[in-house]
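Below is the sequence, then the predicted model.
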Amino acid sequence: MKKIIAHCLALFISKMFVANTLMTKVLIMSTLITVSAQAGEFKRSIEIDTSSTTSHTTKIKGKKVSYSATTGTQPVWNSEGDPTATLFYTYYQRTDVKDKSSRPLLISFNGGPGSASVWMHVAYTGPRVLNVDDEGYPLQPYGVKTNPYSVLDVADIVFVNPVNTGYSRVLPNKDGKMPSKEQQKKMFFGVNADVKYLAEWITTFVSRNERWRSPKYLIGESYGTTRVSGLALELQNRQWMYLNGVVLVSPTDIGIERNGPVKAANRLPYFAAAAWYHNALDSDLQSRDLTEFLPEVEAFTINEYIPALAKGGFISSEEKQEIAEKVSRYSGLSIEDVLGSNLDIANSYFWKALLRDRKQTVGRLDSRYLGIDKKTVGARPDYNAELTSWLHSFTPAINHYLRNELEYKTDVKYNMFGPVRSWDRSNNKTGENLRQAMAQNPYLNVLIQAGYYDGATNYFDAKYTMWQLDPSGQMKDRLSFEGYRSGHMMYLRYEDLRDSNQHLREFILNSLPAKDEAAKY
């Protein structure tokens, strides 16, 4: 009897244990599902298709201008109609203009690739600009102030952030999975993929905002010049959208080769400008104005320096010495430095060596900026003096401006520089594509803007690109160049903010055809 009771008791305890275990499992699963749901609910992500509009007034060139600012996201779709990414944009429209059909639209991109459209947005053409001093150096408190020279008086402007820059992001596929890095590269991260999806995005934006009849302009800075050069033909041939103008700010080579002796020699006019700025030249050169002095250096570069470099190791010792002395005189470097470099001076060495005797380095993107290194010896600076200055002022300014003035709020991080590596640079024919777009479209004009102190995309390379863009010379009356006494972002200097906006304003107005002026040769 005791054995039977013990057996029954054991059986009862066993069943109770199983029941409790099952109950525990159910409770655990329930908890996990709840936590998972809560995690999904609070997952940080950007809204795919949304917009918010605020109203503002400002003064441009002393006149009151009323405008709206629309911040939002708009999807990129694939050929099956599925959203693959969403792009963040800011769209400024003058609100006291009734007829949009004659109102120009300026579509703005920065470069990198991988850079947000922040630099020209809050430092160049937009209605608000960075709080900096008259030479472009940052001030605290960080923020923005009125831009009295914005081109918003003559054109509406949209600032577009390519994939993974600003708040723009790649989206999961229809199965909820993120595309692989290789898939993303094919979709977005290359010279031609970039142009293709952005052309589609622009077409949607133009349609949604009823701007098909408006004269349209593209403006790009740095790698953005590669982007807009390619877009000019892509929009015409694939989207049937024709432009009135393309603006190249601090342009890259846009696929136009300038290697070997040309690449080496073309640095010299920039070297001369930077050395002149830092009072590192002989007194007879320092006493001349920059724009009066530079043509002499440019002529030497074309007529003597390039031919000398083309001779390579077979140049005579006498000619090599003669060329070295002139390069030294124009660059501010020693003859020993020039000869030691075999007449081919690397940019990085120039930034390190120009002011070595002062224990200072000069900036890459803007050689007006000074840096200090751990050691004075070496072949390159420890850091880019100008970029560190810009980032610690631009980053708080754009985040504060978007959230507090334009009332766009999100927990997604604003990527000043986004993950877009490795970028596919193959088959870059964007310069030729721009030439072809100009040939097909008699309305299309091109303006190039560059700073004399830019060592990354130097101004003489920009001139060279302009000269080579159309070898026939038949379209040179539609190509123009403007230089400024600052660097890569020439507009940071107040005087150049005024002048560059005015040149852009004049370019837009002058490239609008007269009434009944047909597009024909």
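Great, that's in hand.

distance of the nearest residue to Leu512 once chain neighbours are set aside from Leu243?
Counting by C-beta to C-beta, 6 or more residues apart in numbering, Leu512 lies nearest to Pro215, which is 5.8 Å off, once chain neighbours are set aside. In this view, the C-beta of every residue, glycine as well, is placed from N, C-alpha and C. Per C-beta to C-beta, to the nearest Å, Pro215 is found 8 Å from Leu243.

Settle it for me: which of those two has more neighbours?
Leu243 (25 against 21; other C-beta atoms under 10 Å).

next structured bit after the longest strand anywhere in the chain?
Secondary structure of the chain per DSSP state E: the longest strand is strand 63-77. Remark: after strand 63-77, the chain's next helix or strand is strand 83-94, criterion DSSP states H and E.

How far away from the center of its chain is the helix or strand that that following strand is followed by?
Downstream of strand 83-94, the first helix or strand assigned by DSSP H and E is strand 105-109. Centre-to-centre, strand 105-109 and its host chain are 12 Å apart (C-alpha atoms, centre = their mean, to the nearest Å).

Ranking helices and strands of this structure by mean pLDDT, which lands last?
helix 2-41 (a mean of 45; mean pLDDT, DSSP states H and E).

how long is stretch 452-464 from one end to the other?
14 Å (C-alpha to C-alpha, to the nearest Å).

Arg103 is in contact with Ser214, correct?
Yes: using C-beta atoms under 8 Å, Ser214 is in contact with Arg103, at 5.6 Å.

which residues are in contact with both of the two?
Listed as contacting both Ser214 and Arg103 by C-beta atoms under 8 Å, 6 or more residues apart in numbering are Asp156.

At which residues are the strands of the chain located?
Using DSSP E, the strands found in the chain span residues 50-60, 63-77, 83-94, 105-109, 128-130, 144-146, 156-160, 169-170, 216-221, 245-249, 361-362, 370-371, 445-451, 479-484.

Mind listing the strands the first one pairs with, and their directions?
Yep, that's strand 50-60 we're talking about. Using DSSP bridges, the strands paired with strand 50-60 are strand 63-77 (antiparallel).

Figure out how far the partner strand is from the centre of its chain.
For strand 63-77, the distance to the chain centre is 19 Å (C-alpha atoms, centre = their mean).

ok, now which ones touch Pro513?
Counting by C-beta under 8 Å, 6+ apart, Pro513 has contacts 244, 443, 519.

do you know how far Asp49 is from Trp77?
11 Å.

The two: who's more crowded?
Trp77 (14 against 10).

So that one sits against Thr84, correct?
Yes: counting by C-beta under 8 Å, Thr84 is a contact partner of Trp77 at 6.8 Å.

Give me the distance between the two termini of stretch 242-260.
One end of stretch 242-260 sits 36 Å from the other (C-alpha to C-alpha).

Oh, that last question was meant for stretch 308-319, not what I typed.
End-to-end distance (C-alpha to C-alpha), stretch 308-319: 8 Å.

Okay, buried residues for it please.
308-309, 315 (16 or more other C-beta atoms under 10 Å).

Please apply the same query to stretch 496-510.
Result for stretch 496-510 [16+ other C-beta under 10 Å]: buried residues 496-497, 499-501, 503-505, 507-508.

In PDB, please show the C-alpha coordinates belonging to stretch 510-518.
Extracted C-alpha coordinates of stretch 510-518, given in PDB (Å, rounded to 0.1, in the frame of the first residue of the first chain):
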ATOM      1  CA  ASN A 510      21.600  85.200 -68.500                       C
ATOM      2  CA  SER A 511      20.900  81.600 -69.400                       C
ATOM      3  CA  LEU A 512      17.100  82.100 -69.500                       C
ATOM      4  CA  PRO A 513      16.100  82.400 -73.100                       C
ATOM      5  CA  ALA A 514      14.300  85.500 -74.300                       C
ATOM      6  CA  LYS A 515      10.600  85.200 -75.100                       C
ATOM      7  CA  ASP A 516      10.200  83.200 -78.400                       C
ATOM      8  CA  GLU A 517      13.900  82.400 -78.500                       C
ATOM      9  CA  ALA A 518      14.100  78.900 -80.000                       C
END
